[in-house]
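Chemist: attaching a predicted model along with its sequence, questions to come.
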Amino acid sequence: MKIYNLHKKQKLPISIETAWEFLSSPKNLKTITPDYMGFNILSGADRPMFPGQIIQHIVTPILGIKTKWVTEITHVKDNEYFVDEQRFGPYALWHHKHFIRAIDGGIEMEDIIDYKLPMGWLGQLVHPVIVAPKLKEIFDYRQKKLIELFGQYKA
């Protein structure tokens, strides 16, 4: 059983409160997801984030194949972190931790994703050629989009 990890950090020139208000709103996930992903929230984004919140999405990650993805917000500490875990969807395991901390001139946000692919050795075979590059592309897009929205961090 192979578990993969993606770790991203980004600095933005905004306050903790501004970062938390944007990042903890499920509705804003569509804004920071590439359009080609066909990301659509079906339910669960109608209130502020809370532990136990179930959010249902539709995504189209590869070849126009629509996939239902259900996540649960399992942990929330306002202005510090939240965790989402897949309950149903394309991964055998998806555990995504989002951290926000104050730094000089803004915030540093950190994403730590632990994930496992389905289909055993076949999943492991496609990981380096499809899944890992696609996740990198998605999170690179998010970083660029957040800079567009909030500006470039200057140390």
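Modeler: Alright, I've got the coordinates.

Chemist: identify the bridge partners of the residue most central in space within the chain.
Modeler: The C-alpha lying nearest the average C-alpha coordinate of the chain belongs to H96 (CA atoms, centre = their mean; 6.8 Å). Counting by DSSP bridges, H96 forms beta bridges with D84, I113.

Chemist: for K97, what are its contacts?
Modeler: Y81, V83, E110, D111, I112, I113 (CB atoms under 8 Å, 6 or more residues apart in numbering). Every C-beta, even on glycine, is put in place using the N, C-alpha and C of the backbone.

Chemist: could you dump these into JSON lines with pLDDT, distance to V126 and neighbour count added?
Modeler: Formatted as JSON lines, the contacts of K97 follow (pLDDT from 0 to 100; distance: CB to CB, whole Å; neighbours: other CB atoms under 10 Å):
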{"residue": "Y81", "pLDDT": "98", "distance to V126": "31", "neighbour count": "18"}
{"residue": "V83", "pLDDT": "98", "distance to V126": "26", "neighbour count": "18"}
{"residue": "E110", "pLDDT": "98", "distance to V126": "27", "neighbour count": "14"}
{"residue": "D111", "pLDDT": "98", "distance to V126": "22", "neighbour count": "17"}
{"residue": "I112", "pLDDT": "98", "distance to V126": "23", "neighbour count": "16"}
{"residue": "I113", "pLDDT": "98", "distance to V126": "17", "neighbour count": "18"}
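
Chemist: quick one: contacts of the lowest-mean-pLDDT helix or strand in the chain?
Modeler: The weakest-scoring helix or strand in the chain, judged by mean pLDDT, DSSP states H and E, is helix 120-126 (a mean of 89). Where contact means CB under 8 Å, 6+ apart, the residues beyond helix 120-126 that reach it are K2, A92, K116, L117, V131.

Chemist: what of stretch 19-29?
Modeler: By CB under 8 Å, 6+ apart, the list of residues contacting stretch 19-29 reads 12, 39, 41, 44-45, 48-49, 53, 55, 57, 76, 78-79, 82, 98, 100, 107, 109, 149.

Chemist: which of these are buried? Put it as a ChimeraX command.
Modeler: Here is the ChimeraX command that selects the buried residues among the contacts of stretch 19-29 (16 or more other CB atoms under 10 Å):
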select :12,39,44,45,49,53,55,57,76,82,98,100,107,109
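
Chemist: roughly how far does the residue lying closest to K30 once chain neighbours are set aside sit from T31?
Modeler: Among residues not flanking K30 along the chain, F39 sits closest, at 5.1 Å (CB to CB, 6 or more residues apart in numbering). For F39, the distance to T31 equals 9 Å [CB to CB, to the nearest Å].
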